[in-house]
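A.B. asks: Based on what follows, work out the 3D shape:
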Amino acid sequence: MTLVRKVSPYPDESLPGLIARAAGTNVYRRAFDVLMQAGIGELRPEYIASRDAGIAERLADVLGTTAELLEPLFHGTASADADIEFFGARLRVIHRESKIRRVSPRALAKAPYIRAVWHLRPLGFDPSTRERLLSACPVCGTPLGFTHTRGVAFCDSCEGTDDIGLPIPTVDLRDFPQPLVEVTDMAALDFVTGLVDPSPDVRDRFAPMLHDDIASVARGDLFEMVLAIASALEKNADPAYVPASEKAHRAGTREVDPDHLAAAGRALLNWPDGFVELAMASRAGAASRPLQWGVLKEIGAIGNLTRDPHVPSEVITAFDAGIREYFAKSKPIDGIIRRSDVRTDSDLIGAKRLRELAQVGFPIITKLADHPDVRTIRQDSDERAPILFSIKQMDYVLGDYKDLETEGVVGTRLGIPPDGLRDLERAGYLRRVKGVPSEIAAPDIYYSRQQTDDICDITKGGLALRPKPAGFIPLSEAMLMFPAGRRPWLAVLEEIWEGRIEAVFHRRVSKSLLAAISVRDMESRRGNVLRRMSNQDPHDVGSVTTASANLMLGNYDYPSFTALLKAELLSLDDGGRVPYAQVIELAGRFIFANEAGVRSGRGTGQVRDWLATHVVAPEYDLGVKNGLLFDRANVEPLLDMNG
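C.D. replies: Model (predicted):
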């Protein structure tokens, strides 16, 4: 028999909550009565989700819905030590609270149904509202359940009567909003809840980019990995905790502090560096741990993660690699001896041998030895004592050091000014090298030489080398189609790579990649390129070389650049560089005759007469080739009409 008021499940609804909601909607006092009508009265409503999904058909007939909608709400096991299938994530059954009804008053106010994610014990809050969950009546204190109901938004026990003497609930849980969870890293906390939240909105947009070491780990195992790390953080924060070498034991039934969940989530999102940062932070409590040496002395419960019995082998492998990465990147704590497998002669190399193998000078070795982030071991505190370096760390550091290429060199090789390089970096085509490798070199901005080589190789591999065909113009001239200042170098390069702008190499590349390229009909792609650039945020660039300033201005005649200096429209700093802000300001105020000519379809020599017909005279005549500067605010409207 179908209920009078049919009830269909929400995609992320709790099955016991659905039964209780159906009972309340149809004015049944007991959720058990709904199961009786389905012929499964021997089952308790709070445990219905752990039963076989084969009963979905009978239950659907009573509720007035379909078995297909009910089946995802079943979790598939009644065993206390088994796993459950929680909406596509395999979890330990101990993480699911069956008996107690936990609710978010704010979420119930939006839609009065029990979210399945509220059953997960480690989460003490609702992911959508970030409201802490309520598990007992705020008036009478009775725990909320699933067996008796006046509706899922009401207390099971607090009752009164209406005007005609019929029983009614008197405590609406929606009237008792709870405190909100506040953590500093909400994005990381959202990642953690997103691993298990079955909300369709969450599932549709949940696509985190994880490190290769953990990218293939299943969602449920990632959640268990988060809980393992968060539990370790909680143990380290407990002054009564004493690290032990036996298997790590962690409670799986209590709520986990949201701050620790967020910290664990960030460790996964930034793996392995994020995990190493947690281990580094755990060193702060080393002095208070009643041990003498070893990993547990240094980082406490974090060091026991490799013994956790509740995560799969691939996670154990990741934990082991993360801890070893910590040892490679950190210095020993004074007075704490590290175990032999993380401090052996095969892991270390002397300064002289390092210099010979890496073929670097003593000044670089000295900088490495003095750098605070370089792991070193000295025989004693005497600065003249032998010093040992981590071979693994030196492989990374000196490998990157030898791959360094300054921003100026990269800009010259590609023919792109610094702001264009920053766009390439932001898009992932260039990697800026930071940290130890760049800090032991002369002060500058550094990029990876290999990635610059890759950009050159990709471009060369996609374009033919032949004499400039008819209708083609040098790319440097074609770039004048875009306003001076911050030009769309990235967008133009991508258009060339994708074949949307026809291009050839009109000569072999000698010094600058883009200087050897000619293009045809780039004006047809101008609007698309400008639209792609409109969403780009500004970069913090201090100063640029004179060559980069000319690229930004589209000024390829150095006499006119010298004239700009004489006219005090630009200036040079003590290092012979031009302040970036000056170049941007000049480009925003004035337009050169060559840019106005290309954008209006006229020769540079015709620009002055054309603008004179519109009563626009040069603001500056520098007396050199391409020395006419016009007020951009007066010229741009004419160019728009001309276009």
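A.B. asks: Quick one: the strands in the stretch 301-450 of the chain, in order.
C.D. replies: In the stretch 301-450 of the chain, strands defined by DSSP state E, counting those that start in this stretch lie at 348-350, 376-378, 387-390, 404-406, 446-448, listed in chain order.
A.B. asks: can you check the stretch 451-600 of the chain too?
C.D. replies: Assigned by DSSP E, counting those that start in this stretch, the strands in the stretch 451-600 of the chain fall at 473-474, 502-505, 517-520, 543-544, 578-579, 590-592.
A.B. asks: Roughly how far does the residue sitting furthest away from the middle of the chain sit from residue 269?
C.D. replies: Ranking residues of the chain by C-alpha distance from their mean position (C-alpha atoms, centre = their mean) puts residue 164 at the top, at 59.2 Å. Residue 164 sits 58 Å away from residue 269, taking C-beta to C-beta, to the nearest Å as the criterion. Every residue, glycine included, has its C-beta placed from N, CA and C.
A.B. asks: got it, and residue 257?
C.D. replies: Plainly put, residue 257 is 18 Å away from residue 269 if you go by C-beta to C-beta.
A.B. asks: Which is the succeeding secondary structure element to the strand or helix carrying residue 278?
C.D. replies: With the criterion set as DSSP states H and E, the secondary-structure element containing residue 278 is helix 273-282. Going down the chain from helix 273-282, the next helix or strand is helix 295-299, by DSSP H and E.
A.B. asks: Does anything pack onto the longest helix seen in the chain? Which helices or strands?
C.D. replies: As assigned by DSSP state H, the longest helix anywhere in the chain is helix 219-237. Here helix 219-237 is seen to pack against strand 89-92, helix 258-269, helix 273-282, helix 313-329 when contacts are counted using 3 or more C-beta pairs under 8 Å, 6 or more residues apart in numbering; DSSP states H and E.
A.B. asks: quick one, which of those is packed in tightest?
C.D. replies: Of all those, helix 258-269 carries the top mean neighbour count, a mean of 24, counting by mean count of other C-beta atoms under 10 Å.
A.B. asks: Now do the strands in the stretch 1-150 of the chain.
C.D. replies: Secondary structure of the stretch 1-150 of the chain (DSSP E, counting those that start in this stretch): strands located at 83-86, 89-92.
A.B. asks: Throw those strands into JSON lines and include distance to residue 304, thanks.
C.D. replies: What follows is these, written out as JSON lines (distance: least, C-beta to C-beta, whole Å):
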{"stretch": "strand 83-86", "distance to residue 304": "23"}
{"stretch": "strand 89-92", "distance to residue 304": "18"}
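A.B. asks: so which of those strands comes closest to residue 588?
C.D. replies: Counting by C-beta to C-beta, residue 588 lies closest to strand 89-92 out of the strands of the stretch 1-150 of the chain; the figure is 52.8 Å.
A.B. asks: strands paired with that closest one, and their directions?
C.D. replies: Strand partners for strand 89-92, identified by DSSP bridges, are recorded as strand 83-86 (antiparallel).
A.B. asks: Of all the residues in the strand it pairs with, which ones are buried?
C.D. replies: 83, 84, 86 (16 or more other C-beta atoms under 10 Å).
A.B. asks: and if you look at stretch 221-228?
C.D. replies: 221, 222, 223, 224, 225, 226, 227, 228.
A.B. asks: Kindly present the residues you listed as TSV, with separate columns for distance to residue 11.
C.D. replies: Compiled in TSV, the buried residues of stretch 221-228 are given as follows (distance: C-beta to C-beta, whole Å):
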residue	distance to residue 11
221	23
222	22
223	19
224	24
225	26
226	24
227	25
228	29
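A.B. asks: Looking at those, which one is closest to residue 189?
C.D. replies: Distance to residue 189, by C-beta to C-beta, is smallest for residue 226 among these, at 10.2 Å.
A.B. asks: dump the residue contacts of the closest one.
C.D. replies: Each residue near residue 226 by C-beta atoms under 8 Å, 6 or more residues apart in numbering is listed here: 192, 195, 261, 264, 265, 268.
A.B. asks: one more time with 7 Å
C.D. replies: Shown here is residue 226, whose contacts under the criterion C-beta atoms under 7 Å, 6 or more residues apart in numbering are 192, 261, 264, 265, 268.
A.B. asks: what mean pLDDT does the longest helix of the chain have?
C.D. replies: Regarding helix 219-237, the rounded mean pLDDT is 92.
A.B. asks: Would you mind measuring from the closest residue to residue 538 other than its chain neighbours to residue 416?
C.D. replies: Closest residue in space to residue 538, ignoring its immediate chain neighbours: residue 486 at 7.6 Å, by C-beta to C-beta, 6 or more residues apart in numbering. Look at residue 486 and residue 416: by C-beta to C-beta, they are 12 Å apart.
A.B. asks: any idea how far residue 98 is from the residue nearest to residue 553 when sequence neighbours are not counted?
C.D. replies: Leaving aside its chain neighbours, residue 553 sits nearest to residue 484 (4.9 Å; criterion: C-beta to C-beta, 6+ apart). Spatial separation of residue 484 from residue 98 under the definition C-beta to C-beta is 68 Å.
A.B. asks: the more surrounded of the two?
C.D. replies: For residue 484 versus residue 98, neighbours defined as other C-beta atoms under 10 Å are more numerous around residue 484 (23 against 16).
A.B. asks: give the contact list for that one.
C.D. replies: Contacts were defined as C-beta under 7 Å, 6+ apart; by that measure residue 484 touches 552, 553, 554, 587, 591, 592, 595.
A.B. asks: one step back: now the strands of the stretch 1-150 of the chain as a markdown table including mean pLDDT and distance to residue 474?
C.D. replies: Rendered in a markdown table, the data for the strands of the stretch 1-150 of the chain read as follows (pLDDT from 0 to 100; distance: least, C-beta to C-beta, whole Å):
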| stretch | mean pLDDT | distance to residue 474 |
| --- | --- | --- |
| strand 83-86 | 88 | 61 |
| strand 89-92 | 90 | 57 |
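A.B. asks: Can you pick out the most distant pair from the contacts of residue 484?
C.D. replies: Greatest spatial distance among the contacts of residue 484 (C-beta to C-beta): 552 and 591, at 13.2 Å.
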